[in-house]
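got a predicted structure plus its sequence, pasted below:
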Amino acid sequence: MNDSVLDSVRALRAQAKIACVASVDGEGNPQVKAMLVLEHDSSVTQLFSTNTGSRRVAQFRQNPKASVYYCDEDTFQGALFTGAMEVLTDHDAKAALWREGFERYYPKGVDDDDYCVLRFTAETVNYYHGLHNDTFLAQALLA
């Protein structure tokens, strides 16, 4: 894969404040939700926080297939990462993403049962730019 494409995908992802996260419902339909980008675990993983009792968490527990889309509407670039989502409820994962102000949503703090972390691990990436698509294995971003 071309280094400039990889660098562009890394930059697009690094500057994203919102990502569109897709899950699959019980009938096999895609469900998309905008989520805050809080932290990248690595070039192929992304961490999100959410409510343990949410519809999205239930969907990921039934079917871990997921995608995460980052875009820059000003430059017409987009990167679709496809892979799997894990639901993490252990203290260390939750503490790693905990932010001041979260207690508004999770009054029991970092160990609130309704607070969890989603860890997305990408397998493939499709990068759209300049009327062109590049599809490659996400592991190429680690190089």
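Yes, it's here.

so residue 75, which of the three states?
Local secondary structure at residue 75 is given as coil here, using DSSP: H, G, I helix; E, B strand; the rest coil.

let me see the contact set for residue 52.
Counting by C-beta atoms under 8 Å, 6 or more residues apart in numbering, residue 52 touches 87, 89, 113-116. Where C-beta positions appear, they are placed from N, C-alpha and C, glycine not excepted.

export these to a markdown table and tack on pLDDT and secondary structure?
Listed next are these as a markdown table, based on pLDDT from 0 to 100; DSSP: H, G, I helix; E, B strand; the rest coil:
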| residue | pLDDT | secondary structure |
| --- | --- | --- |
| 87 | 98 | strand |
| 89 | 97 | coil |
| 113 | 97 | coil |
| 114 | 97 | coil |
| 115 | 98 | strand |
| 116 | 98 | strand |
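
ok, these vs residue 20, which is closest?
Using C-beta to C-beta, residue 87 is the member of the contacts of residue 52 that sits closest to residue 20, with 18.7 Å.

what pLDDT does residue 1 get?
The confidence metric pLDDT takes the value 69 at residue 1.

the worst-scoring helix or strand of the chain on mean pLDDT: partners in the sheet, and parallel or antiparallel?
Ranking every helix and strand in the chain by mean pLDDT, DSSP states H and E puts strand 39-42 at the bottom, with a mean of 78. When pairs are called by DSSP bridges, strand 39-42 turns out to pair with strand 45-51 (antiparallel).
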